[in-house]
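>>> Provide a 3D model corresponding to the input given below.
(chains A and B, ligands or ions: 2)
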Amino acid sequence: MHPAFSVIFLTTLIGVGQGLFLALYTAQVYSTVELLPAQPNSFYVLGSAISFALLFAGLVASFFHLGHPERAWRSAARWRTSWLSREVIVLPALMGAVAVYGIVYHLDLRLKDFGFATSVDGDLALVVGAGGVALSFLLFLCTGMIYACIKFLQEWATWLTVVNYTLFGLASGFLLATVYAAYQAPALIYFYGVSTAVITLVVCVTRVASLIRNTRLRYKSTIQTAIGVRHARIVQKSQGFMGGSFNTRDFFHGAAPWLFRSIKWVFLVLVFPLPLALLSFGMIDRSVTLLTAAFVVQYLGLLAERWFFFAQANHPQNLYYQTIS
Amino acid sequence: MTQLALVIDLNVCVGCHACVTSCKEWNTSGEAGYLSDDRPYGEDPTGTFFNRVQTFEVGEFPNTDTVHFPKSCLHCEDPPCVPVCPTGASYKRPEDGIVLVDYDKCIGCKYCAWACPYGVREIDEHQKVMKKCTLCVDRIYDAALPEAERKPACVMACPTSARLFGDVHDPDSEVSIAISESGGYALMPEWGTKPANHYLPRRKTRIKIHDDELMRADNPLKKEGVQPKPDVKEPSLDDVTSW
Ligand code: SF4
Ligand code: SF4
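Ligands and ions are numbered 1, 2, ... in the order given. Presented below is the predicted three-dimensional model:
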């Protein structure tokens, strides 16, 4: 498939935004049960503002993918059948939840303001945040399923796609939370940093597993099933037109083989070992610069990872577009 | 239930592209708007088409077969392109099984094209909506046309009658009979899309002649082969009998 930059930015940016929100909520829950030191409200207000901004940026990026962005509202119509439609509903809902979460902290609202007094600090935020958590995971599911549900894009049609989208979002979000903690809440650096390292190691395993799976794929569609002729040697002599078409542009990545192969190694280095090293040194030295570098490097790596994710998928329609003439 | 479809006979298609040009001509002039082209006479032409004719070579020289292969939307009975559409712009008509795109609802997200294994949906780069074969839905029901012309433009244009049009759910229709009698098949059956369009395979026409059809074993007048020569003095009625 041809990697579209709008979709690459959409999926990576909302992943970071979701991960960051989940990191904030985790800290809140842990501090409620006194496993982590409590943070001032401003920590959550600014944190959810950053998360909201990332989700919003992703939404803006997605509009560049549409031919008719002014009709985008229509895409909420078919949520019963279409994962894309579901994503279109869940993303704004999550943005709303994140915004309300921030506002609850900003105005210091409690459940007792609505007539349900509890003894828990930040009880209303806990409730709103729980909704946000559910929406975040739902959004990971939607994003992953958009790709995993197309059964003949065999590189994508696996549960690993959903797992990888979720874990990449969590890893980058927790890494951003580490950077954020370095500025706002130094007491949380280790918690976030170690969580990031664990998630990154897990997603390294699942992503490498999907790479291995993809090298062993046997395509169900062949030129024989495509035209329905049973013969071992069939070659296309003409695709029916001399120039390009949508089908030759949107379904082939068009990169040179060496570039395609090297991007895989680029992302494997940029997403896993390099940020982990920078993160470790950053935690040891309490260096904001190193932690920031870790996040930037991993985000660039995720862009490469997403590019490769799209480029590697081999659409069966390509069987019909092999030879110009 | 009706399921309109095309049946394409690969045995007679000569790859002339008449269906491509007549499809383009009809559908670029229709109410739904033009099918845009860019640089049609330039170096790198590109454009939107509903129908393409491709050519494949089967086998190795000298035993090769050239297969001309017209390809358009197959109006699948279980179309994977329809449920993925977030807007409902892509839909399958229950009354005749035609898969259509509502150009006023389509947001141009291209997801349906990803979800079609056959590569027959093409985005219009100027109108930014998804386009595909409509089975000439604006033609086949047009009561102003003479009955014989209420067929898709490609079917009308084909000089070898390689394209048949009709209801594949009606067992007595021309298309159903062609499918069952001439080995009609569907493309990429592995995905369970149940394409409505079918293809008829290349068929070699051979006559089998047995020796006894060339030389009659039971010739009532004469056994073929060398006959003992009759004596010249023997009576003879003609050249055939020896008595
Ligand atoms: S051929 Fe493609 S576009 Fe046409 S109905 Fe089937 S899946 Fe949809
Ligand atoms: S491009 Fe149009 S028809 Fe296709 S899935 Fe998107 S909205 Fe639906």
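>>> Just the closest residue of chain B to chain A, please.
Across chain B, no residue is closer to chain A than residue B:108, which sits at 2.0 Å (C-beta to the nearest C-beta). In this view, the C-beta of every residue, glycine as well, is placed from N, C-alpha and C.
>>> list the contacts for that residue?
A:66-68, B:123, B:128-130 (C-beta atoms under 8 Å, 6 or more residues apart in numbering or on different chains).
>>> Tell me where chain A has helices.
For chain A, the helices defined by DSSP state H occupy A:5-32, A:41-63, A:83-106, A:123-148, A:159-184, A:189-215, A:223-227, A:246-249, A:257-271, A:273-285, A:288-312.
>>> Just the mean pLDDT for the first one, thanks.
Per-region confidence: helix A:5-32 scores 97 on mean pLDDT.
>>> Residue A:115: neighbouring residues, count only.
6 (other C-beta atoms under 10 Å in any protein chain shown).
>>> Compute the distance between it and ligand 2, please.
From residue A:115 across to ligand 2, the span is 45 Å (C-beta to the nearest ligand atom, to the nearest Å).
>>> pLDDT score for that residue?
85.
>>> got it, and residue B:237?
Residue B:237 is given a pLDDT of 63.
>>> same question, residue B:175
The model's pLDDT for residue B:175 equals 97.
>>> Mind giving me the packing neighbours of whichever strand or helix holds it?
Assigned by DSSP states H and E, residue B:175 falls within helix B:174-181. Here helix B:174-181 touches strand B:4-9, strand B:163-167, strand B:198-200, going by 3 or more C-beta pairs under 8 Å, 6 or more residues apart in numbering or on different chains; DSSP states H and E.
>>> Can I get the ones you listed in TSV including distance to residue A:117, mean pLDDT and mean neighbour count?
Formatted as TSV, the helices and strands packed on helix B:174-181 follow (distance: least, C-beta to C-beta, whole Å; pLDDT from 0 to 100; neighbours: other C-beta atoms under 10 Å in any protein chain shown):
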stretch	distance to residue A:117	mean pLDDT	mean neighbour count
strand B:4-9	67	98	25
strand B:163-167	70	97	22
strand B:198-200	71	98	25
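>>> Reformat those as TSV; add distance to residue B:210.
TSV is the format used below for these (distance: least, C-beta to C-beta, whole Å):
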stretch	distance to residue B:210
strand B:4-9	30
strand B:163-167	35
strand B:198-200	29
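>>> out of the ones you listed, nearest to residue A:223?
strand B:198-200 (14.3 Å; C-beta to C-beta).
>>> Just confirm yes or no for that closest one near ligand 1.
No - using C-beta under 6 Å from any ligand atom, strand B:198-200 never reaches ligand 1; the gap is at least 12.5 Å.
>>> by contact count, what packs against that strand?
Secondary-structure packing of strand B:198-200 (3+ C-beta pairs under 8 Å, 6+ apart): strand B:4-9, helix B:174-181.
>>> Any idea which of the ones you listed gets closest to residue A:179?
Smallest distance to residue A:179 across the helices and strands packed on strand B:198-200 (C-beta to C-beta): 58.5 Å, for strand B:4-9.
>>> now the closest one, how far from the centre of its chain.
The chain centroid and the centroid of strand B:4-9 are separated by 5 Å under C-alpha atoms, centre = their mean, to the nearest Å.
>>> Show me what that strand is packed against.
strand B:163-167, helix B:174-181, strand B:198-200.
>>> Report the angle between the second one and strand B:163-167.
This points to helix B:174-181. 110 degrees (axes from the mean of the first three to the mean of the last three C-alpha atoms, to 10 degrees).
>>> I'd guessed residue A:6 sits against residue A:67; true?
No - using C-beta atoms under 8 Å, residue A:6 is not in contact with residue A:67, being 11.6 Å away.
>>> Can you tell me which residues in chain B are near ligand 1?
Counting by C-beta under 6 Å from any ligand atom, chain B sits next to ligand 1 at B:73-76, B:79-81, B:99, B:116, B:118, B:120-121, B:132, B:193.
>>> Tell me where chain B has strands.
With DSSP state E, the ranges of strands along chain B come out as B:4-9, B:37-38, B:46-47, B:51-58, B:65-72, B:90-92, B:99-101, B:122-123, B:130-131, B:163-167, B:198-200.
>>> of all the ones you listed, which lies closest to residue B:22?
strand B:51-58 (9.0 Å).
>>> if we can go back for a sec, can you redo the residues of chain B next to ligand 1 as JSON lines with neighbour count and distance to residue A:102?
Below are the residues of chain B next to ligand 1 laid out as JSON lines (neighbours: other C-beta atoms under 10 Å in any protein chain shown; distance: C-beta to C-beta, whole Å):
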{"residue": "B:73", "neighbour count": "26", "distance to residue A:102": "48"}
{"residue": "B:74", "neighbour count": "25", "distance to residue A:102": "50"}
{"residue": "B:75", "neighbour count": "27", "distance to residue A:102": "50"}
{"residue": "B:76", "neighbour count": "26", "distance to residue A:102": "47"}
{"residue": "B:79", "neighbour count": "24", "distance to residue A:102": "43"}
{"residue": "B:80", "neighbour count": "20", "distance to residue A:102": "40"}
{"residue": "B:81", "neighbour count": "26", "distance to residue A:102": "40"}
{"residue": "B:99", "neighbour count": "25", "distance to residue A:102": "45"}
{"residue": "B:116", "neighbour count": "28", "distance to residue A:102": "42"}
{"residue": "B:118", "neighbour count": "26", "distance to residue A:102": "47"}
{"residue": "B:120", "neighbour count": "24", "distance to residue A:102": "47"}
{"residue": "B:121", "neighbour count": "24", "distance to residue A:102": "42"}
{"residue": "B:132", "neighbour count": "23", "distance to residue A:102": "45"}
{"residue": "B:193", "neighbour count": "21", "distance to residue A:102": "46"}
